[in-house]
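Participant: kindly return the folded structure for what I paste below:
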Amino acid sequence: MSDHAEPPTPRAAGAPDVHRRPVAAVLFDFHGTLAQVEEPREWVLAAARACGVTLDPIRATALADRLVMAGRAGGPLPARVPPRLAEHWADRDLYEHAHRAAYTGLAETVDTGIDGLADALYERVLVADGWVPYPDTAPTLAALRAAGVKIAVVSNIGFDLRPFFAAWGLADLVDAYVLSYEVGRCKPDPGIFLRACGMLGVDPEEALMVGDTPADAGAVGAGCAVLVLPSTGPGRATGLGAVLDLALPAAAQPGG
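Facilitator: So this is what the prediction gives:
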């Protein structure tokens, strides 16, 4: 959900080298890798409806632009964090209350004219309907599971992701969730990746971390291979098929 200090440079763009052991587990980042937040205008329209307000599309678009710039959970980092929110912002991925306080506080810096909108906007982030899994997420997870590869979701985040995967019918495809606010470590700290490997029962040299930011590449420091893919908008394929090229022998790939 958010990224912290710069990690080491990933090895060979993250591709496993020929001397590594076969991939036994894949660690996936969540936001920007497996799913994306809903389009900003839809986010604002839905939150306004929860407050009993129907916005016209033009006003919703204008508000969405301002709210995203102020700082949206799942969106780009804000250009400025007010001093009163600095402590919450620093701790947002370690404590649920700090995550909520940081992002509702940022939304409150925008005069929307709608009572309760900041809280309603945050509530959209906490439900599966506020997110869109990428179209290649389910096929990729299913192919890995069919090949016996273990899967973990490793995320810097301040709330539980398990209900999302259950709502999307993907819960049976994930073996472990390693969430920063639960384990007390944030990417790129190697400790969070080591925790994931421990939960899956694999050595780091057998794991491939897949993400979309430099923080995800911090897995190199834990001994994992890394694949960094570009993030895309909701509903667009992200190129997760590359994971199968790296993790599975050709015979185990779909259609192989």
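Participant: buried stuff in the longest helix seen in the chain?
Facilitator: Identified as the longest helix of the chain according to DSSP state H is helix 57-71. Of the residues in helix 57-71, 60, 63, 64, 67, 68, 69, 70, 71 count as buried by neighbour count, 16 or more other CB atoms under 10 Å. Yep, even glycine has a C-beta here, placed from its N, CA and C like the rest.
Participant: which of those sit farthest apart?
Facilitator: Greatest spatial distance among the buried residues of helix 57-71 (CB to CB): 60 and 71, at 18.2 Å.
Participant: tell me who's in contact with residue 159.
Facilitator: Residue 159 makes contact with 96, 99, 125, 126, 181, according to CB atoms under 8 Å, 6 or more residues apart in numbering.
Participant: now do the helices in the stretch 1-150 of the chain.
Facilitator: Secondary structure of the stretch 1-150 of the chain by DSSP state H, counting those that start in this stretch: the helices cover 40-50, 57-71, 86-90, 96-107, 117-125, 137-146.
Participant: so for the residue most central in space within the chain, what's the pLDDT?
Facilitator: The centroid of the chain falls nearest to residue 31 when counting by CA atoms, centre = their mean (2.2 Å). You'll see residue 31 listed with a pLDDT of 95.
Participant: three-state assignment of residue 208?
Facilitator: Classification of residue 208 using DSSP: H, G, I helix; E, B strand; the rest coil returns strand.
Participant: typed the wrong thing, it's residue 233
Facilitator: Secondary structure for residue 233, judged by three-state DSSP, is coil.
Participant: what of residue 226?
Facilitator: Once three-state DSSP is applied, residue 226 turns out strand.
Participant: any idea how far it is from residue 234?
Facilitator: 24 Å (CB to CB, to the nearest Å).
Participant: which one's more surrounded, these two?
Facilitator: Taking neighbours as other CB atoms under 10 Å, residue 226 and residue 234 compare with residue 226 leading, 28 against 15.
Participant: hmm, back to that, using CSV, lay out the buried residues of helix 57-71 together with distance to residue 175 and pLDDT.
Facilitator: Shown next, in CSV, are the buried residues of helix 57-71 (distance: CB to CB, whole Å; pLDDT from 0 to 100):
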residue, distance to residue 175, pLDDT
60, 39, 96
63, 40, 97
64, 36, 97
67, 36, 97
68, 34, 96
69, 38, 96
70, 37, 96
71, 33, 95
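Participant: show me the contacts for residue 155.
Facilitator: By CB under 8 Å, 6+ apart, residue 155 lies in contact with 1, 29, 30, 31, 161, 177, 178, 179, 180.
Participant: give the contact list for the closest residue to residue 84 other than its chain neighbours.
Facilitator: Counting by CB to CB, 6 or more residues apart in numbering, residue 84 lies nearest to residue 105, which is 7.3 Å off, once chain neighbours are set aside. Going by CB under 8 Å, 6+ apart, residue 105 touches 82, 84, 85, 88, 118.
Participant: quick check, nearest of the residues you listed to residue 25?
Facilitator: Distances from residue 25 to these, taken by CB to CB, are shortest for residue 88, at 33.5 Å.
Participant: the closest one: neighbour count?
Facilitator: As a burial measure, residue 88 scores 21 neighbours (other CB under 10 Å).
Participant: with the one 5 residues further on instead?
Facilitator: Counted with other CB under 10 Å, the neighbours of residue 93 add up to 23.
Participant: my read: it touches residue 183, true?
Facilitator: No: when contacts are counted by CB atoms under 8 Å, residue 93 is not listed as touching residue 183 (10.6 Å).
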